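> attaching a predicted model along with its sequence, questions to come.
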Amino acid sequence: MLETHGNHCETSHLEIVQRFDVLLVIIFTGVLFSGSSKKIISKFYSFELLEVCIHRVRWCSSIRVIKSKYVCVFDKSALKFSHQQRLFRTSAVSCGQIVQFKLSDIGEGITEVTVKEWYIKEGDSVSQFDSICEVQSDKASVTITSRYDGIIRKLHYSIDDIAFVGKPLVDIEIDASKGFASEKDVVETPPMSHEEHTHQEIKGHKTLATPAVRRLAMENNIKLSEVVGTGKDNRILKEDILNYLAKQTGAILPPSPKAEIVPPLPKSETVPATPKDKARKIPVPVSRPIVFSGKDRTEPVTGFQKAMVKTMSAALKIPHFGYCDEIDLTQLVQLREELKPLAEIRGIKLSFMPFFIKAASLGLLQYPILNASLDENCQNVTYKASHNIGVAMDTEQGLIVPNVKNVQVCSVFDIASELNRLQSLGSAGQLGTSDLTGGTFTLSNIGTIGGTYAKPVILPPEVAIGALGKIQVVPRFNGQGEVFKAQIMNVSWSADHRIIDGATMARFSNLWKSYVENPASMLLDLK
Amino acid sequence: MVLQPSLKNCFRLSCVLRTPKAGFRSTASEALIIQSVSNDVYQNLAVEDWIHDHMDLEKRQVLFLWRNSPAVVIGRHQNPWQECNLRLLRQKNIKLARRRSGGGTVYHDLGNINLTFFTTRKKYERMENLKLVVKALKALRPQLDIHVTDRYDILLDRHYKISGTAAKLGGTSAYHHCTLLCNADKFVLSSVLKSPYKGLKSNATPSVPASVKNLFEEDPSLTSEMLLDAIAKEYATQHQIDHHITLINPADETLLPGINNKTKELQTWEWVYGKTPKFSVSTCLNMAYKDSVLDIKVNMDVKHGRIEVCNIDLPEQWLPPALYSKLVKSLTGSKFCPNETTTLVTTLLRVCPQDDELHSRWNLLCENMIMLM
């Protein structure tokens, strides 16, 4: 072990141990220091802080250095190296070394690019092959990936700045415990001799994996922190990545650094078949101890959800009461069957809603208080002249309630064509403000999705709403006491109890029910 | 060779890679020609991503042929509001996609063919690829006056652009793709690629407009299939491989594991609109209200496709101040998107005093604001 002191000339060892064939044993005072290529030989004579030039050394990634204070001395003259130069500075305090990551050659003789997007910011930790930024040059967009593991200390450019090839792009502080990656072109394969292990701090969680394994993970967009390691010290092995992938996609990828398009067939001529592959004929996810790696996810409330929050919070102020009933639609079903082809000839899809909407409007003529609005201070009730009946619509983004204007002067066919228009605009996300405002009464046909009874929430500034359940075929008794097949639908009304009483709601519901159960009676009151 | 687009010919790419072929073959550069059976722009872009991320291009280079149903494709760092008429796109149901390579905006339909040349980063050579295309076209129709410019465009008759180029470079692989106008709808092309939005200030890559022409106009006997075939033949010759086109289905998860996730990602709002570089909107709304015309100055900053800052210069008391501040607060942080804005502003109307005059002013203002998106 090392015991070093300032400027003493002492016989002590600085032992730097590597895990594989490169063995660096530096013993001060006249001991040989040999590198992997056996080109480096030096002698040390004194403890002094010197700035030294180190030529290209094949540092492996796990040179365990004593992290405590130490002073390292290399006599310049004694070192014989043959390749690139790099400055090596040690200080008694910091263990990280700041490396300037230069913008590598883009090709085609390009010398400058524009920085378009940063994927990291100062202070972030990066691994080798992580994306650092996106630059653009003359119609080519280039993703710059990191050559090192470490922490970003400085970004040399802001967005839209011109960056130059060969000049520094970012400064990365490399963890001293890992040593440095050499100045190699990013296209070359990194040295993969024997078992190289990298200790990587990923969000405070050490994940052990070799560079080959990490490359495989990166290429498949897998976060190492989500893979369970089964090697020694929870090391992540290639098999772990493959198993993780197999679980994700149900396919087996070959154990090679770059994924290839491989058939999951038994007879693959050139794939070196491992015993595992031979036994399987179809891709089967390997069962490993089940580890749940799901995480909670927090998102801000925006858009349609934000709109719902606003509306429903306002609705909370309204004291709701509910009233439900059962409607026999047998006659209406028959009527619709007859009228559907006629509507189709005119280019309109006829559902049940136009009938429900028209019947509601006829009912509102008799009970106009259900088509009213109560002002904020509950001082005045405004009876709205127009029956703008809203229809709740379920779109990809969420709930939207457009309304059909002036139903009191519309025919059932007019309502049907207007509904068609609103539905196609709604599903395309192109409804205008006029379609979405001015509603006075709302119907929600939740039954198309399912359900029987519901408890709808009134949409302010309205005072009533109805929810229609699904149509079910059930047995009922007719006037003669016989059992017949009835098409039954449930309706659930909610109303503002500040201005509407139960009796009014019940009478309105009965009237609406009579129109819907006996569509011919609508003819008498149609305006 | 006439292409047979039936799935009977849909080989697994693996078979092509693994099965040793008879005959001579240069061991130095093997190559592969694939064609997509899908016309969905998102699926095809996802295939490009997949090959870029997953295939080892050291062993073989790839030529990918694809066509799309009507779509507008913007470059990686572009601003869709600046580049095209989004309102028209929505009306005509034309898709909008953002690709991962740089460059400008293009209109795709089935009369346009797309070619992607996949190589390693070292072998990235756009000029060579375009010369290959020109050679193929000249072999097919020697009388065509086509040449490659130094901006990597292909011009017909020295004047009309028939092909545009873009490229993407990653860690170890790169691709160069280009379009080729055979028989596209020029009328739709020019109308969708004209942006009606005024007052946009942005550092996004601008497109360079050019006069275009279809090869079909020069020679009506040409079809997209013929062009694809000619280019594939030339590629095969130059790479010394069989003139065989492998059909692939971009929805096939077993062949391309992870492809459906890539396709989904390309369709998300966050990718298509959210990746727009920061921009500002500074314009004047001319609103005709009752008997007067109001000039309302609007200033908005949009970052990641969401409104960061919003300022509307309304005449005093035109709207109650409380309501105005609610409007601004609501818009801040929400998407610069007409659908979302419509939903938010109509919801706000529910919880404010029920005054017809107020409602009509509100609707007028909001409709004009939405027109900016």
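Yes, it's here.
> what sits up against stretch B:135-142?
Residues from elsewhere that reach stretch B:135-142 (Cβ atoms under 8 Å, 6 or more residues apart in numbering or on different chains): B:144, B:146, B:215, B:219, B:222, B:226-227, B:230-231, B:233-235. Glycine gets a C-beta too; all of them are placed from N, C-alpha and C.
> only whichever of the residues you listed are buried, select them in ChimeraX.
To isolate the buried members of those in ChimeraX, using 16 or more other Cβ atoms under 10 Å in any protein chain shown:
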select /B:144,146,215,222,226,227,230,231,233,234,235
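> any low-confidence regions in chain B?
B:1-29 (pLDDT under 70).
> point to the residue nearest the middle of it.
residue B:73 (1.1 Å; Cα atoms, centre = their mean).
> okay, helices next: where are they in chain A?
A:211-219, A:238-249, A:275-279, A:303-315, A:330-345, A:353-366, A:412-428, A:433-436, A:502-517, A:520-525 (DSSP state H).
> also chain B?
Going by DSSP H, chain B shows helices at B:13-18, B:41-54, B:80-83, B:86-92, B:126-140, B:186-192, B:215-218, B:224-238, B:259-267, B:269-272, B:321-331, B:338-350, B:356-371.
> out of these, nearest to residue A:452?
For the helices of chain B, proximity to residue A:452 was assessed by Cβ to Cβ; helix B:338-350 is nearest, at 28.3 Å.
> can you list contacts of the closest one?
Residues contacting helix B:338-350 (Cβ under 8 Å, 6+ apart): A:302-304, A:306-308, A:310-311, A:314, A:397-398, A:400, A:429-433, A:436-437, A:459-461, B:323, B:326-327, B:330-331, B:334-335, B:359, B:362-363, B:366, B:369-370, B:373.
> need the residues that contact stretch B:356-372.
Counting by Cβ under 8 Å, 6+ apart, A:432-434, A:437-438, B:197, B:281, B:283, B:285, B:287, B:289, B:296, B:298, B:300, B:312, B:314, B:318-320, B:323, B:331, B:338, B:341-342, B:345-346, B:349, B:352 sit against stretch B:356-372.
> mind listing what's buried in that stretch?
B:358-359, B:361-370, B:372.
> let me have the helices of chain A in TSV, extended by mean neighbour count.
TSV is the format used below for the helices of chain A (neighbours: other Cβ atoms under 10 Å in any protein chain shown):
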stretch	mean neighbour count
helix A:211-219	21
helix A:238-249	19
helix A:275-279	11
helix A:303-315	18
helix A:330-345	14
helix A:353-366	22
helix A:412-428	18
helix A:433-436	21
helix A:502-517	17
helix A:520-525	11
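> got the domain ranges for chain A?
A:97-174, A:211-247, A:320-524 (the TED database).
> now the ones you listed as TSV including distance to chain B and mean pLDDT?
Formatted as TSV, these follow (distance: least, Cβ to the nearest Cβ, whole Å; pLDDT from 0 to 100):
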stretch	distance to chain B	mean pLDDT
domain A:97-174	4	85
domain A:211-247	6	70
domain A:320-524	4	93
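> of all these, which lies closest to residue B:204?
domain A:97-174 (9.0 Å).
> measure the closest one end to end?
Counting by Cα to Cα, to the nearest Å, you get 5 Å between the two ends of domain A:97-174.
> related to what we said a few turns ago, tell me the contacts of the residue nearest to the centre of chain B?
B:41, B:45, B:97-99, B:105-108.
> what about it, distance to residue B:106?
Distance of residue B:73 to residue B:106, computed by Cβ to Cβ, to the nearest Å: 5 Å.
> try residue A:436
35 Å.
> correct me, but residue B:314 touches residue B:321?
No. Counting by Cβ atoms under 8 Å, residue B:314 does not reach residue B:321; the two are 9.6 Å apart.
> of these two, which one has the most company?
residue B:314 (17 against 10; other Cβ atoms under 10 Å in any protein chain shown).
> contact partners for the more buried one?
B:296, B:324, B:365 are the contacts of residue B:314 under Cβ under 8 Å, 6+ apart.
> which of the residues you listed sits closest to chain A?
Nearest to chain A, judged by Cβ to the nearest Cβ, of the contacts of residue B:314 is residue B:365 at 9.7 Å.
> the nearest residue to residue A:139 once chain neighbours are set aside: how many residues sit nearby?
Spatial nearest neighbour of residue A:139, excluding adjacent residues (Cβ to Cβ, 6 or more residues apart in numbering or on different chains): residue B:103 at 3.8 Å. Per other Cβ under 10 Å, the neighbour tally for residue B:103 reads 28.
> what about residue A:298, how many residues nearby?
5.
> tell me the spacing between it and residue A:397.
For residue A:298, the distance to residue A:397 - Cβ to Cβ - is 20 Å.
> with residue A:415 instead?
25 Å.
> so how far does stretch A:466-485 reach from one end to the other?
25 Å.
> buried stuff in that stretch?
Here stretch A:466-485 shows A:466-469, A:471 as buried, counting by 16+ other Cβ under 10 Å.
> and for it, what's in contact with it?
With Cβ under 8 Å, 6+ apart, stretch A:466-485 has contacts from A:328-330, A:333, A:352, A:356, A:360, A:442-448, A:450-456, A:486-494.
> quick revisit: pretty sure the residue nearest to residue A:139 is touching residue B:166, no?
Yes. Taking contacts as Cβ under 8 Å, residue B:103 lies within contact range of residue B:166: 3.2 Å.
> overlap in contacts, these two.
A:139-141, B:75.
> state the pLDDT value of residue A:38.
You'll see residue A:38 listed with a pLDDT of 43.
> no no, residue A:269
pLDDT at residue A:269 comes out at 42.
> contact partners for residue A:107?
B:121-122, B:124, B:169, B:174.
> which ones are touching residue B:51?
Contacts of residue B:51 by Cβ under 8 Å, 6+ apart are B:62, B:64, B:118, B:175.
> turn those into TSV, including distance to residue A:475 and neighbour count.
Putting the contacts of residue B:51 into TSV (distance: Cβ to Cβ, whole Å; neighbours: other Cβ atoms under 10 Å in any protein chain shown) gives the following:
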residue	distance to residue A:475	neighbour count
B:62	66	22
B:64	62	21
B:118	67	24
B:175	66	25
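> how about residue A:359: what's its closest non-neighbour residue?
In space, residue A:359 is closest to residue A:515, 3.9 Å off (Cβ to Cβ, 6+ apart).
> which parts of stretch B:234-250 are buried?
Neighbour-count burial for stretch B:234-250 [16+ other Cβ under 10 Å]: B:234-236, B:239, B:241, B:245-250.
> now for the residues you listed, which pair is the farthest apart?
B:234 and B:249 (25.4 Å).
> from residue B:313, how far out is residue A:382?
33 Å.
> cool, and residue B:275?
30 Å.
> how many other residues sit next to the closest residue to residue B:203 other than its chain neighbours?
With sequence-adjacent residues excluded and distances taken as Cβ to Cβ, 6+ apart, residue B:203 is closest to residue A:160, at 4.7 Å. Neighbours of residue A:160 under the rule other Cβ under 10 Å: 14.
> mind listing what residue A:442 touches?
With contact set as Cβ under 8 Å, 6+ apart, residue A:442 has these partners: A:389-392, A:401, A:403, A:456, A:458-459, A:462, A:464-466.
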